[in-house]
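**Student:** Need the 3D shape of this:
(chains A and B)
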There are 2 protein chains.
Amino acid sequence: MRLSRFFLPILKENPKEAEIVSHRLMLRAGMIRQQSAGIYSWLPLGKRVLEKVNDIIRDEQNRAGAIEILMPTIQSAELWQESGRYDDYGREMLRIADRQERPMLYGPTNEEMVTDIFRSYVRSYKDLPLNLYHIQLKFRDEIRPRFGTMRSREFLMKDAYSFDIDQDAARHAYNKMFVAYLRTFARMGISVVPMRADTGPIGGDLSHEFIILADTGESEVFCHRDYLDFEVPGADTDFDDVAGLQGIVDKWTSLYAATSEMHDEKEFARVEDGARLSARGIEVGHIFYFGTKYSEPMGAKVMGPDGKEHPVHMGSYGIGPTRVVPAIIEASHDDAGIIWPESVAPFDLSIINMKAGDEACDGAGDTLYDALTGAGRDVLYDDRDERAGAKFATADLIGVPWQIVVGPRSIANGEVEVKNRRTGGRENLTVEAAINRFSSGDDQG
Amino acid sequence: MRLSRFFLPILKENPKEAEIVSHRLMLRAGMIRQQSAGIYSWLPLGKRVLEKVNDIIRDEQNRAGAIEILMPTIQSAELWQESGRYDDYGREMLRIADRQERPMLYGPTNEEMVTDIFRSYVRSYKDLPLNLYHIQLKFRDEIRPRFGTMRSREFLMKDAYSFDIDQDAARHAYNKMFVAYLRTFARMGISVVPMRADTGPIGGDLSHEFIILADTGESEVFCHRDYLDFEVPGADTDFDDVAGLQGIVDKWTSLYAATSEMHDEKEFARVEDGARLSARGIEVGHIFYFGTKYSEPMGAKVMGPDGKEHPVHMGSYGIGPTRVVPAIIEASHDDAGIIWPESVAPFDLSIINMKAGDEACDGAGDTLYDALTGAGRDVLYDDRDERAGAKFATADLIGVPWQIVVGPRSIANGEVEVKNRRTGGRENLTVEAAINRFSSGDDQG
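**Tutor:** Below you'll find the model as predicted:
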């Protein structure tokens, strides 16, 4: 993408309304724009990151055997009256009357609707296990939306729902999502620790939150330091191996880890000295097992091998992509701007033409751009007629992992400068060597 | 995907509520489920087709230089008061009060919001041309939603918005989208004819609808038969070539073509005998140039080369993916079910194991499945313990382009039967030959 043809509305001033660094950087880098309180547009740079996050989530959900659907945003109140949550949910639920005066609502979550889908089609335990997910907008009318897309009213959520014949099978379904979440966040380049969590108004008796540790996190968390060095399960993990998955989950829940709601000072004190980590964290995922909480009142039953009807055991599993994006920024930035992990970066690399209009610079810039886009890399080419300093500042702010700087002096020697955004490391390479280095996709070279 | 692990809730009976064939087939093939009047869930098979349609749309929008964003569904009423459309829009607009009693609405379209984004950031003609699009849910509270997702209340729309300094530049932006639409629908395997259209409540003075001809189409259309043989612009089309694009648009608007609203009997009578085609059609795209209709009242102005401020000239360009899917089915089905064009098919091919549990059949089925998924093909493997007849009926109903049938008799000779869903043509191949044929992605063999 040539920057001269892209839409990247960088803000020079620090926006006053932004209280946390991710919100400030997302506004400054032209990733988002507030349209109303707690309601945002995703501008082109932000949209690219959001899609990379969605793609990783989708890939790992599919790997774990979950199947993608798309439920609508507008739901009928009747469904929620069946589960008993219509009155309970309170003012966070955006309630709507349509032109026929039917009571509707903008879904804050989808347990009721997915249970309705299930009961409409599935009759036998032979069709289980089943896990259906979607990546869809939700609306929760928070009284005080804040922190940009970290706590917005309209937000994107990946929500998966598992259906099983009994508690043992449901535990396996839960473990699949637990492991999928470990892999999902690791692929995004962030460390998460699963923590025992309160099940809250959603109910149920087995629940973990997945927490990113970041100094600017919204809540206090407590865990054993060793979690940070645990190895994440590989892509070859067999999700059908019941004992194997249980072993992974047992390991990842063997040491102390709890959010402030679930924190137990006495138990934490028993963790050995030097291993007690109290930090700030951001919740990026939440998984629940809630048994027959919805299947009982809504009549979602299947015939079991015993020839009798059983209400299905369910779990739900959420990740908020529009929240994950700022959470990654909280965990990965410096004074100059964002530092994207490579897997979620909006572009793989930036080419900075220091002197647009100069024949040698334009020639080398075009050569690099054509070769690298031809090799399938996502390249942002700063070909604008702008000061070099402004271009460097923009590249640092938007945080693309690699910068290739084409300047008149070095290009006279046939060389460009390659800078790593995270380390600040710089190196001179010939144009050809730079093309070879970055064509392969193996950027660590 | 093994069908035993997929969620494909086929209906055996013809659903009574479905008045048109696409609605009937989408329900029977388990693609969609109605949740409320005019509000649908997309089940796994439907979701796969919807994403293939979205991907083609996105690819061609990007090729034409449009840039993807994501605007929210919930908008503030204030924006619509600025343009004057808040009161005009009537009861199709789903109006909402949030917990602070602020008047909000579920966006039926996004002219106001995108104009607001534009005016917030863009100041100079040097930043033009600009075309921003998103693929986002819309809600229109139709009094009589019907025909499944063909005319639903909550629906997906790709809407693009162009911004230009003057009418000439805006005409070029319009032509880019015109050509992008020709390519988009051609890639979906359907023939469309662009027809002069009424601009309706959206305003403006240049507008075309893109119409699929289908016997079951909702409206009467009239055109010159030669349109059906026109060659669609290639992938190498230069979208910056102003005269070249105008030439393409001139050609595709040179002959008579009009929807019933714009039909002129006298003019149509002058078309030569044998070339007059009156048919039924389905609108799948609609493009508008509407000048300064929104930029004037909303103050979206840029500094021109003359040093003066000019309100920008705008156009909008819509495709409804949730409408395109049934429209393709209307144009491509038979008595047995759907016949997907390859580019939008939910899977590239089906493997039908006629006798699950038989060692030779299972072995050959697994070999084919592993080899073809390994080659990157989307394969649906019917490995269920079901009658062969039911499996054939399912495969025909869901309309995957190729079926590879593994039966005990032919596999004894090391052979499988390959069936083309569209032509019904059958051919025996060795397992190895079938793998070679379909590994390449060149299915036409």
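**Student:** Where do the helices of the stretch 101-250 of chain A begin and end?
**Tutor:** Secondary structure of the stretch 101-250 of chain A by DSSP state H, counting those that start in this stretch: the helices cover A:111-121, A:167-187, A:242-252.
**Student:** in the stretch 301-445 of chain A, what residue is nearest chain B?
**Tutor:** A:Asp385 (8.9 Å; C-beta to the nearest C-beta). C-betas here are computed from N, CA, C, even on glycine.
**Student:** what about that residue, how many neighbours?
**Tutor:** 10 (other C-beta atoms under 10 Å in any protein chain shown).
**Student:** That one against A:Met354, yeah?
**Tutor:** No. With contact defined as C-beta atoms under 8 Å, A:Asp385 does not reach A:Met354; the gap is 11.6 Å.
**Student:** about what we covered before: quick check, the residue of the stretch 301-445 of chain A closest to chain B in a strand?
**Tutor:** No. Looking at A:Asp385 with DSSP: H, G, I helix; E, B strand; the rest coil, it is coil, so not inside a strand.
**Student:** Report the contact partners of it.
**Tutor:** By C-beta atoms under 8 Å, 6 or more residues apart in numbering or on different chains, the contact set of A:Asp385 is A:356-357.
**Student:** Phi first, then psi, for it.
**Tutor:** phi -90, psi 80 (degrees, to the nearest 10).
**Student:** Relative to A:Ser4, how far out is it?
**Tutor:** Look at A:Asp385 and A:Ser4: by C-beta to C-beta, to the nearest Å, they are 8 Å apart.
**Student:** Contacts only, for A:Phe147.
**Tutor:** A:19-20, A:22-23, A:218, A:326.
**Student:** The stretch 201-350 of chain A: strands as residue ranges?
**Tutor:** A:206-213, A:219-224, A:257-259, A:276-291, A:301-303, A:309-311, A:313-319, A:333-334, A:337-338, A:349-353 (DSSP state E, counting those that start in this stretch).
**Student:** correction: the stretch 1-150 of chain A
**Tutor:** Under DSSP E, counting those that start in this stretch, the stretch 1-150 of chain A gives strands at A:32-36, A:39-42, A:67-68, A:74-76, A:94-97, A:103-106, A:130-139.
**Student:** which stretch among those comes nearest B:Ala412?
**Tutor:** Among the strands of the stretch 1-150 of chain A, the nearest to B:Ala412 by C-beta to C-beta is strand A:67-68 (35.0 Å).
**Student:** And that closest one, how far out from the chain middle?
**Tutor:** Put simply, strand A:67-68 sits 17 Å off its chain's centre (C-alpha atoms, centre = their mean, to the nearest Å).
**Student:** can that strand be found next to chain B?
**Tutor:** Yes. Counting by C-beta under 8 Å from any C-beta of the partner chain, chain B has neighbours in strand A:67-68: A:67-68.
**Student:** Partner strands of that strand and their direction?
**Tutor:** strand A:130-139 (parallel) (DSSP bridges).
**Student:** Now A:Asp335, what are its backbone angles?
**Tutor:** Dihedral angles for A:Asp335 - degrees, to the nearest 10 - are phi -60, psi -30.
**Student:** now A:His23, nearest residue through space, not along the chain?
**Tutor:** Once flanking residues are discounted, A:His23 sits nearest to A:Gly148: 3.5 Å by C-beta to C-beta, 6 or more residues apart in numbering or on different chains.
**Student:** And for that neighbour, the neighbour number?
**Tutor:** Neighbourhood size, A:Gly148 [other C-beta under 10 Å]: 28.
**Student:** what residue ranges in chain A score low on pLDDT?
**Tutor:** A:199-205, A:441-445 (pLDDT under 70).
**Student:** Enumerate every residue touching the residue nearest to A:Val193 when sequence neighbours are not counted.
**Tutor:** Sequence neighbours aside, A:Tyr227 is the residue nearest to A:Val193 in space, at 4.7 Å (criterion: C-beta to C-beta, 6+ apart). Residues near A:Tyr227 by C-beta under 8 Å, 6+ apart: A:193, A:252, A:255, A:257.
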